[in-house]
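**Student:** The sequence and its predicted three-dimensional model are supplied below.
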Amino acid sequence: MRVGVLTGGGDCPGLNAVIRAVTKSLINHGQCEVLGIADGFEGLMDASPRVRALSWDEVSGILHIGGTILGTSNSANPLRDAATLAQVGRNVKALALDVVVAIGGDGTMSLAHGLTQVGLQCVGVPKTIDNDIANCERSFGFDTAVATVTESLRRIESTAMSHHRVMIVETMGRHAGWLALESGIAGAADIILLPEIDYDLQSIIKVCQERERRQRYTIICIGEGAKESGQSLTVRERIAHSPDPVRLGGVGHVLRERLQPHLQSEVRTTVLGHVQRGGDPTPFDRVLATQFGHHAAQLVLGGQLGHMVTLQNGRIGSVAIADVANTQRTVPLDSPLLTMARDIGICFGEA
């Protein structure tokens, strides 16, 4: 078999671990020829496809390295017009690809599902620091991002305590609050604001004012997709030809402006941004990514095309990519984590 491998969407710790595992498994157990596709689906959209052979030696020594040796793109959309789609189809035939292992998030899975119309079969591997892929309880990259945000919150807390400030830390996560929730709990945030729960400004003001009288500082962890009741999302950027037409960000600054007139404490905002994506994966993510890559190879060799590797109920398995495309996994309002956090006094900005 001739198998392509690509990484799509934003970079994420653990991508190289997947590339290593899927390539070595396919070579060792299937005697497959593996081609690395450059920059996600973008590498299949040019008149001359950008691919290179992946050998055993080339993928050795990359397990612990962050980012992706193949490069990635979060704006490439092979479905954007008929001409581009036809070019991808021609490239797939010219390269004689039997299947492509697409490593990415919900956007990548949606594109992989759509490309069946030009005869491209895919096996998906879930990747996201947002942990928002449907039918998958834990994706690699998330644990590393939680660790990074948690450390940042701890560092911010020492400054907040010293200067008696209200410190707002804005995380990534888009429309899902998993990253803000788990990082906020691990980082001892006093207030956690999630996209799933519109916040009431007066509730936040009340908590901050009470803490001014007692602890004299407050830590707020807010997901970029969070918003005040009755207000619209804060959109940082709009993008053409992208599966995700808007980029969120800046809600932490909006909240600071809304809070400051009501408090004696100085209010500061830190937007963590891409520091959450970078760096080497944690040991947990290295193991999970390796398991995902190995299972993806098993799906390829077993002919289970059109499926995505998943983790459900603590077990590695697979689901149809069609069941993942164009959907997101958000924090359910009855999540035990929310119940626990409320019981220990964390505020979610609820009225």
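**Tutor:** Everything's here; your move. Numbering: from 1, shown residues only.
**Student:** Please enumerate the helices of the stretch 201-350 of the chain.
**Tutor:** 201-213, 251-259, 283-301, 336-343 (DSSP state H, counting those that start in this stretch).
**Student:** The stretch 1-150 of the chain now?
**Tutor:** 15-30, 82-95, 106-114, 142-163.
**Student:** Between helix 283-301 and the first one, find me the angle.
**Tutor:** Here helix 15-30 runs at an angle of 40 degrees relative to helix 283-301 (axes from the mean of the first three to the mean of the last three C-alpha atoms, to 10 degrees).
**Student:** The closest residue to T270 other than its chain neighbours - how many residues pack around it?
**Tutor:** The shortest distance from T270 to any residue other than its chain neighbours is 5.2 Å, reached at V169 (C-beta to C-beta, 6 or more residues apart in numbering). Every C-beta, even on glycine, is put in place using the N, C-alpha and C of the backbone. Look at V169: counted by other C-beta atoms under 10 Å, it has 26 neighbours.
**Student:** ok, V169 to V251 distance?
**Tutor:** Distance of V169 to V251, given as C-beta to C-beta, to the nearest Å: 11 Å.
**Student:** where do the contact lists of those two overlap?
**Tutor:** Common neighbours of V169 and V251, using C-beta atoms under 8 Å, 6 or more residues apart in numbering, are I222.
**Student:** how many other residues sit next to G36?
**Tutor:** 23.
**Student:** try E237
**Tutor:** 11.
**Student:** again, but for P78
**Tutor:** Neighbour tally, P78, other C-beta under 10 Å: 23.
**Student:** ok, I205 - contacts?
**Tutor:** Counting by C-beta under 8 Å, 6+ apart, the residues that I205 touches are 259, 262-263.
**Student:** ok, back up a step: quick one: contacts of the one helix or strand the residue nearest to T270 maps to?
**Tutor:** Assigned by DSSP states H and E, V169 belongs to strand 166-171. Under the contact criterion C-beta under 8 Å, 6+ apart, strand 166-171 has outside partners 149, 152-153, 156-157, 159-160, 179-180, 183, 189, 208, 217-224, 249-252, 255-256, 259, 263, 265-272, 276.
**Student:** And these, which of them are buried?
**Tutor:** The neighbour-count test (16 or more other C-beta atoms under 10 Å) marks 149, 152-153, 156-157, 160, 179-180, 183, 189, 208, 217-224, 249-252, 255-256, 259, 263, 265, 267-269, 271-272, 276 as buried among the contacts of strand 166-171.
**Student:** Please produce CSV containing the helices of the stretch 1-150 of the chain, extended by distance to G173 and mean pLDDT.
**Tutor:** Converted to CSV, these look like this (distance: least, C-beta to C-beta, whole Å; pLDDT from 0 to 100):
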stretch, distance to G173, mean pLDDT
helix 15-30, 19, 96
helix 82-95, 30, 93
helix 106-114, 13, 91
helix 142-163, 9, 97
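**Student:** mind giving me the domain ranges of the chain?
**Tutor:** Domain ranges of the chain: 2-140+281-323, 146-277, per the TED database.
**Student:** now for these, which one comes closest to A341?
**Tutor:** domain 146-277 (5.8 Å; C-beta to C-beta).
**Student:** so how far does stretch 235-250 reach from one end to the other?
**Tutor:** Using C-alpha to C-alpha, to the nearest Å, the end-to-end distance of stretch 235-250 comes out at 7 Å.
**Student:** again, but for stretch 245-263
**Tutor:** Criterion C-alpha to C-alpha; first-to-last residue distance in stretch 245-263 is 36 Å.
**Student:** swap in stretch 308-322?
**Tutor:** Using C-alpha to C-alpha, first and last residues of stretch 308-322 are 9 Å apart.
**Student:** go on, stretch 228-235?
**Tutor:** 14 Å.
**Student:** Repeat that for stretch 291-309.
**Tutor:** Stretch 291-309 has an end-to-end distance of 9 Å (C-alpha to C-alpha).
**Student:** Now H163: closest residue in space, sequence neighbours ignored.
**Tutor:** Using C-beta to C-beta, 6+ apart, the nearest residue to H163 is E266, at 7.0 Å.
**Student:** Quick check: the one you found vs Q209, distance?
**Tutor:** 14 Å.
**Student:** ok, now how distant is the spatially closest residue to Q209 that is not a sequence neighbour from L54?
**Tutor:** Counting by C-beta to C-beta, 6+ apart, L263 is the residue found nearest to Q209 once chain neighbours are left out, at 6.7 Å. Separation of L263 from L54 (C-beta to C-beta) stands at 55 Å.
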